[in-house]
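*Asks:* structure here, sequence nowhere to be found:
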């Protein structure tokens, strides 16, 4: 570090690099990666029955896609929140994630949400809570079991999944049980938003200190008592490793049963790139949490 420290010994340039995932990987082409995920998602939608663009809220981006698992009886459900630093991404490019789930008899719900700066972080999180409430209220009509709802997500989506675990569900939806979520897996999540407030990315995010306090899981009390798997790629860099460890330390002993997985050889994008492959370790990790109880 050669400049003035702005966060935990990082100067401005070093902090900005820690959260610049695109440029941390030599030769990585993010546009090609996103395009490939989009093609795989379109191919998956073309061959698998699903219900698309279901409105869970009043806004034009408050939409989700449901991929019902075949088989008798009500199926367990996984809700997926996509990444993109809360300012990019679209659910259509993440349908492929449902592949490894549906093949295992698990109904998958891929959530779309309005992006910053068209909404604030508070409004974005509130919208995702409405999506979970919709699933609890409606998923039985599509063969899902509202008593077996799980959440997962990658990067910003990992943050959103964990924010669902700090939610007072009866206050969101009358009659909704406090333990509406039964399991959670967060990949490469962001649980301490203070470094993002101080980094260059905040020119888009617009976080202030109060928004950081309201939306940093490390500063919130969990309202959840189930299993929580925190997965991160070993190649993601020290800040993403710290994010994982910080949440585990903050929530340990306060409800969730936490397991940390540091996946060797995985970077920020490879860790979620093969979730459609049933035999991949990341896909198995997600499924094992759903089938553990």
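*Replies:* Yep, that arrived. Worth saying up front: this structure is predicted, and the values here are computed from it rather than measured. Numbering: from 1, shown residues only.

*Asks:* for residue 195, what are its contacts?
*Replies:* By Cβ atoms under 8 Å, 6 or more residues apart in numbering, the contact list for residue 195 reads 7-8, 10, 15, 18-19, 239. The way it works is simple: take the backbone N, C-alpha and C, and place the C-beta from them, glycine included.

*Asks:* which one of the residues you listed has the most neighbours?
*Replies:* Taking other Cβ atoms under 10 Å to define a neighbour, the member of the contacts of residue 195 with the most is residue 15, carrying 24 neighbours.

*Asks:* name the SS class of residue 60, please.
*Replies:* At residue 60 the chain is in coil, as set by DSSP: H, G, I helix; E, B strand; the rest coil.

*Asks:* now do it against residue 114, distance only.
*Replies:* 8 Å (Cβ to Cβ, to the nearest Å).

*Asks:* among the contacts of residue 195, which two are most distant?
*Replies:* 8 and 19 (12.8 Å; Cβ to Cβ).

*Asks:* and stretch 210-219, how far out from the chain's middle?
*Replies:* Stretch 210-219 has its C-alpha centroid displaced from the chain centroid by 16 Å (Cα atoms, centre = their mean, to the nearest Å).

*Asks:* same check on stretch 165-172?
*Replies:* Taking mean C-alpha positions (Cα atoms, centre = their mean), stretch 165-172 and its chain are 17 Å apart.

*Asks:* got the buried residues for it?
*Replies:* With burial defined by 16 or more other Cβ atoms under 10 Å, the residues of stretch 165-172 counted as buried are 165-167, 169, 172.

*Asks:* in CSV: those residues, plus pLDDT and secondary structure.
*Replies:* What follows is the buried residues of stretch 165-172, written out as CSV (pLDDT from 0 to 100; DSSP: H, G, I helix; E, B strand; the rest coil):
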residue, pLDDT, secondary structure
165, 98, coil
166, 98, coil
167, 98, coil
169, 98, helix
172, 97, helix
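
*Asks:* got these as a markdown table, with distance to residue 247 columns?
*Replies:* Written out in a markdown table, the entries for the buried residues of stretch 165-172 read as follows (distance: Cβ to Cβ, whole Å):
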| residue | distance to residue 247 |
| --- | --- |
| 165 | 10 |
| 166 | 11 |
| 167 | 16 |
| 169 | 20 |
| 172 | 22 |
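
*Asks:* so where's the stretch 1-150 of the chain shaky on pLDDT?
*Replies:* Judged against pLDDT under 70, the low-scoring parts of the stretch 1-150 of the chain cover residues 1.

*Asks:* can you show me the helices along it?
*Replies:* Defined through DSSP state H, counting those that start in this stretch, the helices belonging to the stretch 1-150 of the chain, from first to last, are 12-18, 21-24, 30-47, 98-102, 121-138.

*Asks:* most packed of those helices?
*Replies:* Mean neighbour counts were taken over the helices of the stretch 1-150 of the chain using mean count of other Cβ atoms under 10 Å, and the top value, a mean of 25, falls to helix 98-102.

*Asks:* can you pull out the strands in the stretch 101-250 of the chain?
*Replies:* Listed in chain order, the strands found in the stretch 101-250 of the chain under DSSP state E, counting those that start in this stretch are 107-111, 144-154, 181-187, 227-233.

*Asks:* same list (the ones you listed) but as CSV, adding distance to residue 50.
*Replies:* As requested, these are exported to CSV (distance: least, Cβ to Cβ, whole Å):
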stretch, distance to residue 50
strand 107-111, 9
strand 144-154, 13
strand 181-187, 22
strand 227-233, 26
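
*Asks:* to residue 216, which of those strands lies closest?
*Replies:* When the strands of the stretch 101-250 of the chain are ranked by proximity to residue 216, the top entry is strand 181-187, at 13.9 Å, counting by Cβ to Cβ.
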